[in-house]
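# this one's structure only:
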Ligand SMILES: [Zn+2]
């Protein structure tokens, strides 16, 4: 078998992996919702691209958002290469989303930075059996219509904290709680009148 000497994706990545060494030509991939919806991962090219995607273009992220301000969204950088006949793709995602604080329900802005590497295999079985030893790597099934937009959205959803809360001192609920602990203003007034 051709890949006998390959034990893991990590090992593959340790070998120099830049696109210059790829036998396939570099092709720029436009980073926008329509071009990411169907990426031909079987094409003999290595994709490269960078661009910004707004929250509104990620339906599940939009549903998670407590509010959307201008500038909320994610800058996505794509770098593809081939090794041993398999396409690889590194995705760097960086940006901001506002989700509800689980204590006061007010929006809280989260800055996220995610990096993931996909290796593309021919079948579901091959992808399931591909040895992985790192969380930031994932085996996918290569197709002519790989939904990279959805894959990026998945990564962002996975990176969201389960029970996000404002830092102490910035939470609205905490301030309300503090107000309640203050002396009753009528009592204060009474005392002043004495
Ligand atoms: Zn809060």
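Yep, it's here. Predicted, not measured: the structure shown is a model, and the values here were computed from it. Numbering: from 1, shown residues only.
# would you map the strands across the protein?
Secondary structure of the chain, counting by DSSP state E: strands at 26-28, 46-54, 65-67, 73-83, 86-100, 107-121, 137-141.
# below-threshold pLDDT in this protein: ranges please.
1-22, 174-194 (pLDDT under 70).
# would you mind naming what in it lies close to the ion?
For the chain, the residues in contact with the ion (Cβ under 5 Å from the ion) are 101, 103-104, 166, 171. Any C-beta I mention is one placed from the backbone N, CA and C, and that applies to glycine too.
# do I have it right that residue 107 meets residue 98?
Yes. Counting by Cβ atoms under 8 Å, residue 107 touches residue 98, with 4.1 Å between them.
# identify the contacts common to the two.
Taking Cβ atoms under 8 Å, 6 or more residues apart in numbering as the contact rule, residue 107 and residue 98 both touch 65-67.
# quick one: contacts for the nearest residue to residue 121 once chain neighbours are set aside?
Nearest residue to residue 121, sequence neighbours excluded (Cβ to Cβ, 6 or more residues apart in numbering): residue 127, at 4.6 Å. Applying Cβ under 8 Å, 6+ apart to residue 127 gives the contacts 121, 139-141.
# any idea how far the ion is from residue 127?
Counting by Cβ to the ion, to the nearest Å, the gap from residue 127 to the ion is 40 Å.
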